[in-house]
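Peer 1: Return atomic coordinates for the entry below.
(2 chains, ligands or ions: 6)
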Number of protein chains: 2
Amino acid sequence: MSATATGWLLTAVAETSSEGSTDHASERLANEPVQPIAPYQSEHPEKVELGKKLFFEPRLSRSGFISCNSCHNLSRGGTDNLPTSIGHNWQEGPINSPTVLNAGLHMAQFWDGRAATLQEQAAGPIDNPMEMAYTHTLAIEVLRSIPAYVDMFEAVYATRDIGIDHVTDAIAEFEETLVTPNSRFDQWLRGDDSAITADELAGYETFKSIGCVACHYGEALGGKDFHRMGLVHEYLTENPSQGRFEATGEERDRFSFKVPSLRNVERTYPYFHDGAVWTLAEATEIMAYLQLGRELPQADIDNMVAFMRTLTGEQPQITLPQLPPSTENTPQPVPFERE
Amino acid sequence: MSATATGWLLTAVAETSSEGSTDHASERLANEPVQPIAPYQSEHPEKVELGKKLFFEPRLSRSGFISCNSCHNLSRGGTDNLPTSIGHNWQEGPINSPTVLNAGLHMAQFWDGRAATLQEQAAGPIDNPMEMAYTHTLAIEVLRSIPAYVDMFEAVYATRDIGIDHVTDAIAEFEETLVTPNSRFDQWLRGDDSAITADELAGYETFKSIGCVACHYGEALGGKDFHRMGLVHEYLTENPSQGRFEATGEERDRFSFKVPSLRNVERTYPYFHDGAVWTLAEATEIMAYLQLGRELPQADIDNMVAFMRTLTGEQPQITLPQLPPSTENTPQPVPFERE
Ligand code: HEC
Ligand code: HEC
Ligand code: HEC
Ligand code: HEC
Ligand SMILES: [Ca+2]
Ligand SMILES: [Ca+2]
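Peer 2: Ligands and ions are numbered 1, 2, ... in the order given. All right, here's what the predicted structure looks like:
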């Protein structure tokens, strides 16, 4: 637990009354360990539009079938809602696909934090043989072969010489816009007492008082630290991931994962890095027992689940991009491998 | 060739001057064998919205990964731009995926016309083991388990007892809206002489004078008849499809296919039922030789291709639907088959 988190936790427990409401929005905002999500206004709308096209672009994959949106479906809270993902050639992915919504608020990307930024992350899937199974060289060749794309890159980056850094920069800028402001909970944070019910508020109080908030805090209610999965009791899973240990090689990082954001968590099932748990109630029960050593009464679980459902914000309104057609110079997709 | 088509062809050849333009829009509209696409204004916007959700709904598939939009990608002219489709478990499909754009204008659905209507067609993919690999019973169970869906169906069909006919009716109504009006060619048809260039017009003249229009006529430039692929010379393909023969069992229908629409044809590559041909120029050369026994000069081919590119209309503006989350009663997806 980071010093800041502990500080917030103590403040929260000390200063929030059992009713948890205050007439003064500014007081609430200052005292709560969770902050409302700010809307993101990009200064580069053309870059965002290009990034959106690339996010939906199956031609960045070997098969011509898989795009970022295949596994981070923006109709479904930015995930595929599968335990682990389906990749190129229907390969079974190693780990649960986290949402791209609000990912820009995380201190690092991936469950093990091995990418520092969204841009660094975006270079991963295209040439990952388990995911899009392409090469950066071929992906760039595809884009360069399509005049409409070359024009768009030129308008944004003032060069017709498209490189992978342009591609990942544009995708990252699009992802920055994928925030979900104005959830009912954020309305409450901003002072609207009627935005959440008494049960939901009680759930939030429990969430704070028993210590969930020590890890799930800040704008995203997560994304700020790595923590061991199974702090008090061990988590049993068939998933072989060693978590952050795989990125650092440090023994203390074994089985430590980036704390996931709880924003829109009712949409990001199944839960945990192995995607083994399908309901929020079960995930809550497991968290309380494994991370905090507590067995909670059903009423507390119900209220905490009700609270977490208030974290669903406005989903990004996406107009489906129109992708420019290939030309005779475009490398052809390889949907099926021939001997 | 139907009587009507022949009539149009003769009229066209007789009455269109080599400049092919007339000051009077109504005269042009009356005389040309192609009609502009009318915008579609649904009287059931709620049904369209529901149908859109279902079109984008991967939970209608066994894996929870494949939706109608996977193979009829509305970012890409309503197709997957693959020779044959990738289905459940990465199975290789038997035939090229036609666009859903303007499909409502066809006299029947599928290459062999085996479905009379869009609604009848829509029942096919969900339980096709090569495509979505689900069952209608399970698909309905998924929808019934999600209160937000039950409410939407009730609002449209006045019953909470969702059936497969409601599902296919809503999808069909959404598909009816997927028309692409206002192409440059349609602007020309409506009397705007400057909407297409002299080369494009020359291409259209050739298209009519050599006889393409005998099969590719009407609002969709196709979709109105079945014809043998390889009328004058045989078409060589490794694809085993026997075309309409498979629907009727009649010998004269062997290797006969529904004439595809040429609307948005620059976006629906690769071409023909086997998806073997990637460029419009090659498809044109093949058509001229196989269907009409002609070997065309390159300039004619270029102009005809230029003409066909004027058939790209306004693509439907789709706001990505937000799909309601599953509940604990929702049948879980089966992305990977376990022994
Ligand atoms: C085949 C499935 C698949 C595809 C395609 C895919 N992803 Fe992912 N994505 C995943 C999985 C699984 C993870 C988690 C991997 C890990 O943590 O080791 C992930 C992680 C991420 C993350 C980190 C989120 C977080 O909270 O740590 C971001 C951001 C992301 N992907 C964006 C993208 C972008 C952009 C593309 C396209 C260029 C893309 N993904 C393509 C499955 C996929
Ligand atoms: C000591 C840190 C810590 C504490 C305390 C903690 N969590 Fe977590 N939480 C995590 C980590 C780490 C994960 C990811 C574990 C994994 O996927 O293996 C997680 C995952 C979750 C998830 C699943 C999110 C997803 O999208 O997969 C939920 C829900 C959740 N926590 C809720 C809670 C609740 C409710 C509490 C209190 C009862 C709580 N957490 C306490 C660290 C913590
Ligand atoms: C796995 C790929 C795949 C999926 C998923 C899929 N389709 Fe298709 N679709 C095809 C193929 C291939 C054909 C042509 C089959 C044939 O003609 O025999 C086709 C044909 C059609 C046609 C007929 C078009 C024409 O011009 O004849 C329509 C309409 C259609 N599909 C709509 C849908 C709808 C609606 C869904 C979802 C309920 C869907 N498709 C799911 C691949 C797919
Ligand atoms: C006798 C009928 C007939 C004539 C004449 C004809 N076509 Fe076709 N056309 C078809 C049929 C049938 C197909 C589908 C064949 C298949 O896919 O196997 C087709 C397919 C096409 C396609 C591919 C469309 C797609 O989406 O796959 C193009 C392009 C095309 N025709 C253009 C032309 C041009 C240009 C001419 C004149 C040079 C022409 N056609 C003459 C019947 C005809
Ligand atoms: Ca998840
Ligand atoms: Ca095609």
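Peer 1: Output stretch A:266-285 as PDB, nothing but the C-alphas.
Peer 2: Provided in PDB are the C-alpha atoms of stretch A:266-285 (Å, rounded to 0.1, in the frame of the first residue of the first chain):
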ATOM      1  CA  GLU A 266     -20.200  -4.200 -14.100                       C
ATOM      2  CA  ARG A 267     -19.300  -4.400 -17.800                       C
ATOM      3  CA  THR A 268     -15.800  -5.900 -17.500                       C
ATOM      4  CA  TYR A 269     -16.700  -9.400 -16.400                       C
ATOM      5  CA  PRO A 270     -15.300 -12.000 -16.100                       C
ATOM      6  CA  TYR A 271     -13.000 -10.800 -13.300                       C
ATOM      7  CA  PHE A 272      -9.400 -11.200 -12.300                       C
ATOM      8  CA  HIS A 273      -6.400 -11.800 -14.500                       C
ATOM      9  CA  ASP A 274      -7.500 -15.300 -15.200                       C
ATOM     10  CA  GLY A 275     -11.100 -14.200 -16.000                       C
ATOM     11  CA  ALA A 276     -12.300 -17.000 -13.700                       C
ATOM     12  CA  VAL A 277     -15.100 -15.200 -11.900                       C
ATOM     13  CA  TRP A 278     -18.300 -14.100 -13.600                       C
ATOM     14  CA  THR A 279     -20.200 -12.100 -11.000                       C
ATOM     15  CA  LEU A 280     -19.300  -9.000  -9.000                       C
ATOM     16  CA  ALA A 281     -20.700 -10.500  -5.900                       C
ATOM     17  CA  GLU A 282     -18.300 -13.400  -6.100                       C
ATOM     18  CA  ALA A 283     -15.400 -11.100  -7.000                       C
ATOM     19  CA  THR A 284     -16.200  -9.000  -3.900                       C
ATOM     20  CA  GLU A 285     -16.400 -12.000  -1.600                       C
END
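Peer 1: three-state assignment of the closest residue to A:Ser63 other than its chain neighbours?
Peer 2: Distances taken as CB to CB, 6 or more residues apart in numbering or on different chains put A:Pro335 closest to A:Ser63, at 4.6 Å, once the chain neighbours are dropped. From N, CA and C alone the C-beta is placed, and that goes for glycine too. Counting by DSSP: H, G, I helix; E, B strand; the rest coil, the backbone at A:Pro335 sits in coil.
Peer 1: Next, count neighbours for A:Pro335.
Peer 2: By other CB atoms under 10 Å in any protein chain shown, 21 other residues sit near A:Pro335.
Peer 1: my guess is it meets B:Ile86, correct?
Peer 2: Yes - with contact defined as CB atoms under 8 Å, A:Pro335 reaches B:Ile86; the gap is 5.5 Å.
Peer 1: shared neighbours, the two?
Peer 2: A:63, A:65, B:92 (CB atoms under 8 Å, 6 or more residues apart in numbering or on different chains).
Peer 1: Are any of those buried, and if so which?
Peer 2: In the shared contacts of A:Pro335 and B:Ile86, burial by neighbour count holds for A:63, A:65, counting by 16 or more other CB atoms under 10 Å in any protein chain shown.
Peer 1: and of the shared contacts of A:Pro335 and B:Ile86, the nearest to A:Ala25?
Peer 2: A:Phe65 (48.0 Å; CB to CB).
Peer 1: So the residue in the stretch 201-339 of chain A that ligand 3 sits nearest to versus B:His24, what's the distance?
Peer 2: Residue nearest to ligand 3 within the stretch 201-339 of chain A: A:Pro335 (11.2 Å; CB to the nearest ligand atom). A:Pro335 is 49 Å from B:His24, where distance means CB to CB, to the nearest Å.
Peer 1: ok so, going back, show me the contacts for the residue nearest to A:Ser63.
Peer 2: A:63-65, B:82-84, B:86, B:92.
Peer 1: residue boundaries of the strands in the stretch 201-339 of chain A?
Peer 2: Along the stretch 201-339 of chain A, the segments classed as strands by DSSP state E, counting those that start in this stretch run A:226-228, A:256-258.
Peer 1: what's the closest of those strands to A:Gly124?
Peer 2: strand A:256-258 (15.0 Å).
Peer 1: Would you agree A:Glu49 is in contact with A:Gln322?
Peer 2: No - shown here, A:Glu49 and A:Gln322 do not form a contact pair, counting by CB under 8 Å, at 10.7 Å.
Peer 1: Done for today, thanks.
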